[in-house]
Structure formats: structure tokens, C-alpha cells
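Novice: Okay, here's the prediction I keep looking at, along with the sequence it came from:
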Amino acid sequence: MASITATTILDITHLDFILSELENLNFSEAKWEKFGLKCGLYENTLETLEADYPNNASKCFRKCIGRWLRREDGVNEKGEPTLEILADIVEETGDKATAEKIRSQFKGEHNCKAVLSTGMPKTSAQSSTLEAKLEAFIFGSIIVAVMSILVAFCTIIVALVLNFLFTTVIDVYGQQLGDKYSETLTRYKDPDINKFPAAGPSVPVYVPFIPLISIIVEKHKKEFLHSDRIEEKIEFEKIEIDDILKPLTDKRLRFVLIEGEPGIGKSTLAKELTLQWVGQADEYLTDYKIVILIPLRLETYQKAKNIEDLLIDVENINETEVMLLINETKGAEVLWILDGFDELPHHLRNSSTSIFIKLIKGDILPKSTVIVTSRHAATDPLLTFLEDDSKHIALRGFGSNETIQYAFRYFQDKEILYQFYSYYRGNTMIENMLYNPMNCFIMCTVFNEFILSNNTKYPTTMTGIYNYYVRALLKRHLIDAKVIDINYEMPQNLIHKID
């Protein structure tokens with residue numbers, strides 16, 4: 001037969017057992033009110049019992065014990081119901097003798113047949129009655145335990161099935177997305193696919209510039225976040241690309257706004273973040289099972305009617321099923337990168353019914369994280385959405401040292417680098433251009449053409465620079481089309497025709 005120790009947790013199934021033992025120990029039912037207060041029941045609870053059962057101490061005592069076993073009011077503050085706690089409560093009512101008998105009989109494990117009132121003789125009829133009650137109690141406890149186990153087992157099975165379905169579909173979708181990104185987002189680095197404008201043996205395949213640009217976090221006062229005008233910026237902090245998704249507080253990062261002028265590297269940064277997720281190279285990006293990169297300039301996305309329309313198609317995956325699972329978790333573990341917010345039509349940037357605005361605000365999929373890139377001119381409606389769980393980032397381009405580093409990576413020749421530096425140093429117009437990665441690339445491209453042709457008459461005006469850049473583009477195109485070879489000299493009068 002099952003055993004009960006002094007520390008066994010009691011519940012309502014033990015009600016008859018406790019009442020029977022206290023009765024056998026001659027514990028006075030008249031002390032029900034004091035017992036109730038000592039066990040943690042509130043005074044108004046006891047007043048209600050007295051009103052419900054006037055002049056009926058036996059009924060009040062039974063109800064009092066029942067509420068103690070159900071842990072009502074402040075019972076847990078006194079300690080979970082056990083025989084050890086029962087002895088303490090009885091002693092606090094003033095009946096120290098009964099309390100000691102309870103403690104002495106339950107110092108170790110004892111069979112439920114054991115009686116608390118050792119030394120007090122019982123008749124065989126009393127013993128039989130007690131044994132019957134105990135057997136009924138044990139049987140009931142077994143039934144409750146079995147049912148609890150079955151319920152817990154069924155709950156675990158259902159949870160495992162749901163988790164399996166979610167993990168399978170979402171993980172497979174994420175894996176296939178990663179494969180697709182690996183193929184499409186690295187094409188611009190492949191010289192056989194993306195031909196750089198400059199045609200010459202010294203031109204590298206691809207010069208990464210994202211590690212060189214300044215990524216600045218802007219922290220604002222609350223008055224700025226919710227006002228129509230910018231009042232004051234508190235602090236600027238330079239960060240690395242790996243820290244873009246690092247939360248500013250203990251809250252999960254929900255919204256990141258990245259702004260900068262044309263050519264500063266916003267779209268390239270969006271691609272690099274996506275590729276870092278594919279390669280699991282960023283500790284914060286590994287928190288996301290899915291990353292959805294959305295170039296907002298594409299009409300396909302501008303015509304999207306709902307969030308499902310923004311999902312990227314992959315083979316053998318039902319996007320509707322993926323969307324259902326994303327909705328179930330309210331977008332948890334999903335990162336949306338909306339690249340080029342400024343390229344959306346005006347109504348999609350400003351309307352509260354726009355799915356992009358709803359996604360950014362968290363009106364839909366509130367547990368997702370959303371990164372938005374945009375030019376400065378289009379960010380005003382987004383600034384009001386910045387909260388404690390948001391981050392405002394500005395891309396500032398190259399500093400003077402970074403310009404030299406980029407040029408060296410481009411030319412891969414210290415002598416050419418020195419000539420390039422001598423060329424632009426002191427020319428304020430050109431120096432002011434070079435902080436922008438796109439402009440820096442154009443300048444390196446143009447200068448490389450002059451080096452290859454041994455022409456030292458470098459352009460010194462914006463018009464001249466872009467004329468020569470267009471010449472380089474045309475030459476690259478003609479070489480790709482096999483119309484000319486790399487040694488072909490473009491006609492000099494072509495510049496005049498372009499002017």
C-alpha cells in the first residue's frame with residue numbers, strides 16, 4: 001500500500017484522510033477559525049464560511065481543511081500542505097500535544113494504514129473503517145495519477161507533432177532560401193556574369209567595400225521620436241556590420257531603419273546581411289530561421305496585396321503552408337529586409353493600410369524583425385515608429401583612410417595607388433566625391449583607363465569624369481559583344497559626341 005511521509009505534498013484527495021486522523025486525535029473542530037487563519041486563509045474567507053454555515057463548527061472545519069488542501073488565499077505563503085505543515089498549524093492553534101503526535105508518527109515513511117494516535121486503543125470496527133477509507137483514498141489517488149499521466153502524454157505527443165510539422169516546413173523553406181540566396185546574391189561577384197565597366201588586366205574581380213564604410217547608430221530623445229520635427233540627436237556610435245541586429249536594450253529588436261544617400265551601400269549591405277545569415281556568420285542572425293530580402297523597387301512586390309505575396313518562391317514548398325506557420329508564431333524567428341523604401345510609390349510609403357507600413361509598425365507579425373533601407377528623403381514617416389525596440393542607423397561612407405584602402409584593393413599596385421592619390425589630393429571636388437563608395441568606384445575605374453592608355457591628362461571636372469566613365473562602359477559592352485578586343489582604342493571624338 002502507498003506510503004505518506006511528513007513531507008508528502010497533500011491535495012484535496014487527502015481531505016477525508018486528514019479529517020479522520022484529526023478526529024481520532026480528538027482535535028477540536030471548534031478551533032476551525034483559528035486553524036484557518038494559521039494555515040493562510042484570509043479573514044474574509046472565514047467570515048463567509050461562518051455566514052454560510054452558522055453554528056455548524058463541523059461543516060466550517062471541513063470546508064476550512066478543504067480550502068487549505070486546495071491552497072486557496074495565502075496558503076502557499078505558509079508552505080505547501082504536508083503533514084509537517086499540518087503539525088505546525090495545529091501547534092499554532094494551541095494544541096501542542098496533537099502536533100507532537102503527528103510529528104512522531106511521520107518522521108520517516110509510514111504506511112497509510114498507520115494511525116496518528118498511537119497509544120490510543122481502537123476497536124476492530126474503527127480500524128476496519130479507517131482501512132477502508134485509506135484504501136478508497138489510495139485508489140482515488142492512483143486513478144488521478146494515471147489520468148494525469150495520460151493527459152501529459154497526449155499533450156507531449158501533440159506538441160511533438162506540431163513542432164515536427166513547423167520545424168520541417170519552416171526549416172526546409174529556410175534551407176532552400178539559403179541555397180537560392182547563395183546563387184543569386186553572389187552573381188555580382190562573378191566576372192562571367194557581372195562585367196565591371198573597366199576593361200583591363202589590373203581590374204580585380206570584386207572589391208568589397210562594406211567593411212570599410214562607417215555604420216553609425218543614431219540615438220534620439222523620446223520627443224524626437226513622436227514629434228513632427230527633429231529636435232535633437234543624443235549620441236552617435238560607430239558599429240560593425242555584425243552589431244546591426246544587436247539590441248540596444250533587453251528587448252528583442254523589432255525594427256531597424258538604415259538610411260543613406262544613393263550609392264552609399266544600402267542595397268549592398270542588405271545583400272551582405274542576407275549572405276551572412278546563409279553562412280551563419282553572425283551571432284544575431286542565427287536567431288532567425290527565415291530571412292526574406294525584398295527589393296522594393298520591383299513591381300512584383302509593389303503590387304503585393306498581403307504578406308504571403310512577399311514570400312520568395314522556392315521549389316517543392318507550399319508558401320501558403322509556410323505563411324500559416326509564420327502567422328501561428330506571429331512572425332517569430334523571421335527577419336524581413338525591405339530594401340529601397342524610397343522606391344515605393346507615395347501611397348505605399350504613407351498609407352496606414354499599406355502592408356509594408358503594417359509590417360514595419362508591428363500591426364501584423366509583431367514578433368518579426370524588420371530592417372528597412374531608404375534614402376533620407378523618404379524616411380520621415382518611419383521615424384515615428386522608432387521605439388526602445390528599434391535602431392536608427394546611418395551609412396556615412398568612406399573616411400580618408402578607407403578611401404585609400406579601397407583604392408589599394410582596387411588597383412592592387414602601390415605605384416598606381418600613389419599616382420591616384422596625387423591626382424585627387426587637393427582637388428576638393430574629387431575628394432568630396434570619394435567618400436561615396438559608388439563614386440569612389442567610378443573614379444578608380446576612370447583612372448585605371450588612363451593608366452592603361454598611358455594618358456596623364458586626367459579629367460578634373462564632373463562632366464569630364466562621367467564622360468570617361470561612359471566610355472569605359474561602352475568599351476566593356478563592346479568587348480563582351482566581341483565587337484572589339486581589350487586593346488582597342490576608343491575614338492577620342494566620342495567624348496565630344498557625348499558632351
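Specialist: Right, received. Where do you want to start?

Novice: so where is the stretch 151-300 of the chain shaky, pLDDT-wise?
Specialist: Scanning the stretch 151-300 of the chain with the threshold set as pLDDT under 70 gives 158-167, 187-206, 220-235.

Novice: at 80 instead, please
Specialist: Applying pLDDT under 80 to the stretch 151-300 of the chain flags residues 154-168, 186-212, 218-236, 281-282.

Novice: Strands along that one, start to end?
Specialist: 214-220, 233-239, 255-259, 290-295 (DSSP state E, counting those that start in this stretch).

Novice: now, of the ones you listed, which is deepest in the fold?
Specialist: Greatest average neighbour count among the strands of the stretch 151-300 of the chain goes to strand 255-259 (a mean of 22), per mean count of other CB atoms under 10 Å. All C-beta spots, glycine's among them, are computed from the backbone N, C-alpha and C.

Novice: Partner strands of that one, with direction?
Specialist: Paired strands of strand 255-259, with direction, are strand 369-374 (parallel), strand 390-397 (parallel) (DSSP bridges).

Novice: Now do that strand against strand 214-220, angle only.
Specialist: Using axes from the mean of the first three to the mean of the last three CA atoms, to 10 degrees, the inter-axis angle of strand 255-259 relative to strand 214-220 is 120 degrees.

Novice: neighbouring contacts of strand 255-259?
Specialist: The contact list for strand 255-259 (CB atoms under 8 Å, 6 or more residues apart in numbering) reads 244-245, 266, 269-270, 360, 362, 369-376, 379, 382-383, 385-387, 389-395.

Novice: Give the buried subset of those as a PyMOL selection command.
Specialist: Entered in PyMOL, the line below selects the buried ones among the contacts of strand 255-259, by 16 or more other CB atoms under 10 Å:
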select buried, resi 244+245+266+269+270+360+362+369+370+371+372+373+374+375+379+382+383+385+386+389+390+391+392+393+394+395
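
Novice: coming back round to it: columns distance to residue 4 on top of the strands of the stretch 151-300 of the chain, output as a markdown table?
Specialist: Shown next, in a markdown table, are those (distance: least, CB to CB, whole Å):
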| stretch | distance to residue 4 |
| --- | --- |
| strand 214-220 | 61 |
| strand 233-239 | 61 |
| strand 255-259 | 57 |
| strand 290-295 | 53 |
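
Novice: Looking at those, spot the one closest to residue 184.
Specialist: strand 290-295 (9.5 Å; CB to CB).

Novice: I'd like to know which elements the closest one is packed against.
Specialist: Contact here means 3 or more CB pairs under 8 Å, 6 or more residues apart in numbering; DSSP states H and E; on that basis strand 290-295 packs against helix 124-184, helix 266-278, strand 334-339.

Novice: still on that earlier bit, need the least confident one among the strands paired with strand 255-259, by mean pLDDT.
Specialist: With a mean of 91, strand 390-397 has the lowest mean pLDDT of these.

Novice: Distance to residue 351 for the strands paired with strand 255-259 - can I get that in CSV?
Specialist: Listed next are these as CSV, based on distance: least, CB to CB, whole Å:
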stretch, distance to residue 351
strand 369-374, 16
strand 390-397, 21
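
Novice: show me where pLDDT drops low in the stretch 1-150 of the chain?
Specialist: Applying pLDDT under 80 to the stretch 1-150 of the chain flags the ranges 1-5, 105-141, 144-145.

Novice: can we see that at 90?
Specialist: Counting by pLDDT under 90, the stretch 1-150 of the chain has low-confidence residues at 1-18, 20-21, 23-30, 42-45, 47-56, 70-80, 101-150.

Novice: Show me where it has its strands.
Specialist: Counting by DSSP E, counting those that start in this stretch, the strands of the stretch 1-150 of the chain are 3-4, 110-111.

Novice: can you tell me which of the strands of the stretch 151-300 of the chain comes nearest to residue 442?
Specialist: That would be, of these and by CB to CB, strand 214-220, which comes in at 19.7 Å.

Novice: Give me the helices and strands touching that closest one, please.
Specialist: Against strand 214-220 (3+ CB pairs under 8 Å, 6+ apart) you get strand 233-239, strand 390-397.

Novice: Neighbouring strands - and their directions - for that strand?
Specialist: Assessed with DSSP bridges, strand 214-220 is paired to strand 233-239 (antiparallel), strand 390-397 (antiparallel).

Novice: Indicate which one of those is closest to residue 45.
Specialist: The nearest among those, by CB to CB, is strand 390-397 at 47.6 Å.

Novice: Following element in sequence after the closest one, please.
Specialist: Downstream of strand 390-397, the first helix or strand assigned by DSSP states H and E is helix 400-411.

Novice: Give me the buried positions along the next helix or strand after that next one.
Specialist: Reading on from helix 400-411 to the C-terminus, the next helix or strand found by DSSP H and E is helix 414-424. For helix 414-424, burial by neighbour count (16+ other CB under 10 Å) applies to 416-417, 419-420, 423-424.

Novice: now helix 414-424, how far from the chain's geometric center?
Specialist: Mean-position distance between helix 414-424 and its chain equals 47 Å (CA atoms, centre = their mean, to the nearest Å).

Novice: With stretch 4-23 instead?
Specialist: On CA atoms, centre = their mean, the centre of stretch 4-23 falls 47 Å from the chain's centre.

Novice: buried residues in that stretch?
Specialist: Result for stretch 4-23 [16+ other CB under 10 Å]: buried residues 4, 6, 10, 13-15, 17-22.

Novice: for stretch 328-337, same thing?
Specialist: Within stretch 328-337, judged by 16+ other CB under 10 Å, the buried ones are 331-332, 334-337.
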